[in-house]
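Student: kindly generate the corresponding structure for this input.
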Amino acid sequence: MLVKDFKYPLLMKYFEEISAIPRKSYHEEKIADYIVAFANERGIEVYRDESHNVLINIPATKGMENCAPVLLQGHTDMVCEKNIGTEHDFLRDGLDLYVEDGKIRARGTTLGADNGVAVAVMLALLDGATDKHPALQCLFTSAEEVGMGGVENFDFSKIYAKNMLNMDSADDSEIIAGCAGGVRSDIKLPIGRKTVGNKAIFEIKLGGLAGGHSGEDINRGRLNANKLLAAVLQSLMTNGSVGLDLISFIGGTASNAIPREAIATVCIDPSCEGALRDGVAEMSKTLCATIGADDANFFVDVKRLDGDTANIINRDDAKKLVFLVLAVPYGPLAYNRDMPGVVEYSRNIGIVNCTETEASVSFFARSAFSERLDLSCLELDAYADIIGAKHLCDSRYPGWVYVPVSKLRDQYADIIEQVLGKKPEITVIHAGLECGIISDAIPDIDIISIGAIVRNLHSPDEYLDVASFERFFTMVCKFLANWN
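Tutor: Residues are numbered from 1 along each chain as shown. Got it, this is the predicted structure:
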C-alpha cells in the first residue's frame, strides 16, 4: 500500500487501483469497465449508459431504512497534463504515484485526485468500509473536465435521492454551496503557407509558469504562457531588423487549464540571428517585470534548429493569429458585488495550435450568470469576424445558484466542526461543478460540494494531502451514520 499507516486501507487501495487505469476525458471505457465489474462481483445493482456514466445503488443498513436516501457523486475522468520531457501516454499508462512530505503526487503528470478522491470514496463505501448508512446512490460521471458532457447525457429519472454530496471540491474545511457555469469557445483561422529556403530556423520556448485551474486559480495573478508568447512574437514581428516569419505556435493542452508552456517555431535570414536573440532577451526582461512569486521559474529560451527550408505561415495570417491571442482579454473580468474577492466572470486562453491549413485558439469563459457567457460568445464572435475566422461555442453548462436554507449543509457543517474543532467556511466558487446540471435536472434536490485537500489542480504539481484524505473519509462516514 502506498501509505503504510493509513487509517482506511480499503480507501487507499481503491485510490491506487483507479490511478493505474487511464481515464482521459472521452476515454473512460476502462474505468467504467472496472466500476461495473466491481459491482457485478458483489451482486450490486448497477447501470451504465453510452457515455460511460455509471450508477450503483445499495440499500440502507439495518436501522437506517427510514432515513432519506443520499446521492454521492464524482467524476471518473481527469485533466491530463504533463511536464515537457515526461514520457507518459494518458491513453495507455497508469500514473506513477509516490508520497513525499505527507502528500501523494504523480511523477511528471497530474495526479487525478480531481476527482479520483470521489471515485475511491464511493468504491470504499460500496465495499463495506462503513456499517451504518442510509440507502445510497453512487453516480460516477464522465467527461467532466471537458465541459461536463457525461452528466449532461445521464438519465436522471434513475435518481430518487433528494440529497446529494458532490465530492469534487478541494478542501475538507469548507462546504461549497454554489459555482459558476462555463462555455468553451474555439476560433479557427484558415492559414496559407509557402515554402522558403536559405533560412535560419529557431524554436522560441516560453515556460516555467505555475499554470493551474482556470477557475480556482484565475484570480491568483498567474500569467498565461500563450499570452506571453504572443507578446514576444508581436515584438519580433514588428521589429524590422529581425524579419521574422512564423512556422508554428503551440501552447497549452486544455481549455480549462492556465497554460504553463508555449513554443513557437520561426525562421529568419541567417544574418539576423543576433537581432532575434537580442529581441527575445529584451522581451524577457519586460515580461519578468510583470511576474509574481507563483511564476518565479519563468524562462524564455531560443534554440537554433537544423535545416534551412521552412513552410511558413503567410505573414498576414500570422499577424491575425498573434493579434487574437494578444488582444482577447484574459483573467478575471468582473468580481462578485456581494462577495468581495470572489471572481464572477473570467476567461482563459487555454490552447493555441497550428496545422498546415488552420490555426486554432480555444478559450474558456466562466460565470454564474448565463448572460455573461452569452456576452463572452458575442465578444469572441466579433474578434473572429475581424480576422476572418470561424467561432464555435460548445461544452456549455449552467451555474449552481446558492440557496440560503439547506438541511444537508447544516448537518454536514456539524460533522466538520466535530472533526476539525471549528466551523467550516461556506462559500461559492468560480470553478465549474456538475452540481449546476444536476440541480437543473432535479430542481428540488439539496446539494453540497465537499472534498479533501487537493492543491495545484490541473497541473503536474497537483497533490493530495494524506491526512486530509483520511479526515475527509471520516467526515463522510460520520455524516452518513448520523444522517436523519
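
Student: helices of this structure, start to end?
Tutor: 9-19, 29-42, 113-126, 149-152, 225-237, 273-288, 315-327, 370-387, 407-420, 435-441, 466-482 (DSSP state H).

Student: out of those helices, which is closest to D245?
Tutor: Closest to D245 of the helices of the chain, according to C-beta to C-beta: helix 315-327, at 6.7 Å. Every residue, glycine included, has its C-beta placed from N, CA and C.

Student: so what does that closest one touch, helix or strand wise?
Tutor: Applying 3 or more C-beta pairs under 8 Å, 6 or more residues apart in numbering; DSSP states H and E, one finds that helix 315-327 makes contact with strand 181-190, helix 225-237, strand 245-251, strand 343-354, strand 358-367, helix 370-387.

Student: so which of these comes closest to G279?
Tutor: Nearest to G279, of the helices and strands packed on helix 315-327 and by C-beta to C-beta, is helix 225-237 at 5.1 Å.

Student: what's the closest of the helices and strands packed on helix 315-327 to A293?
Tutor: helix 225-237 (16.6 Å).

Student: what pLDDT, on average, does that closest one get?
Tutor: For helix 225-237, mean pLDDT is 98.

Student: isn't P59 up against A135?
Tutor: Yes: the pair formed by P59 and A135 meets the contact definition of C-beta atoms under 8 Å, at 5.4 Å.

Student: anything in contact with each of those two?
Tutor: Applying C-beta atoms under 8 Å, 6 or more residues apart in numbering, one finds that P59 and A135 are jointly contacted by E65.

Student: now the helices and strands packed on helix 315-327 as JSON lines including distance to P460 and mean neighbour count?
Tutor: JSON lines is the format used below for the helices and strands packed on helix 315-327 (distance: least, C-beta to C-beta, whole Å; neighbours: other C-beta atoms under 10 Å):
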{"stretch": "strand 181-190", "distance to P460": "22", "mean neighbour count": "21"}
{"stretch": "helix 225-237", "distance to P460": "14", "mean neighbour count": "23"}
{"stretch": "strand 245-251", "distance to P460": "16", "mean neighbour count": "22"}
{"stretch": "strand 343-354", "distance to P460": "16", "mean neighbour count": "23"}
{"stretch": "strand 358-367", "distance to P460": "19", "mean neighbour count": "24"}
{"stretch": "helix 370-387", "distance to P460": "28", "mean neighbour count": "16"}
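
Student: residues near P443, how many?
Tutor: P443 has 6 neighbours, counted by other C-beta atoms under 10 Å.

Student: now do the contacts for it.
Tutor: Applying C-beta under 8 Å, 6+ apart, no residues contact P443.

Student: among P59 and A135, which residue is more densely surrounded?
Tutor: Counted by other C-beta under 10 Å, P59 and A135 do not tie: A135 has more neighbours, with 18 against 14.

Student: follow-up on the earlier one: can you tell which of the helices of the chain is closest to D101?
Tutor: helix 466-482 (9.5 Å).

Student: residues making contact with the closest one?
Tutor: With C-beta under 8 Å, 6+ apart as the criterion, helix 466-482 contacts 3, 6-8, 11, 15, 70, 99, 102-104, 117, 121, 124-125, 129-130, 132-134, 136, 165, 167, 171-172, 411-412, 415-416, 418-420, 450-453.

Student: and for stretch 150-160?
Tutor: Stretch 150-160 is contacted from outside by 28, 47, 49-53, 55, 69, 71, 75, 77, 137, 139, 141-144, 397, 434, 437-438, 441-442, using C-beta under 8 Å, 6+ apart.

Student: so of the residues you listed, which ones are in strands?
Tutor: 47, 55, 71, 75, 137, 139, 141, 397 (DSSP state E).
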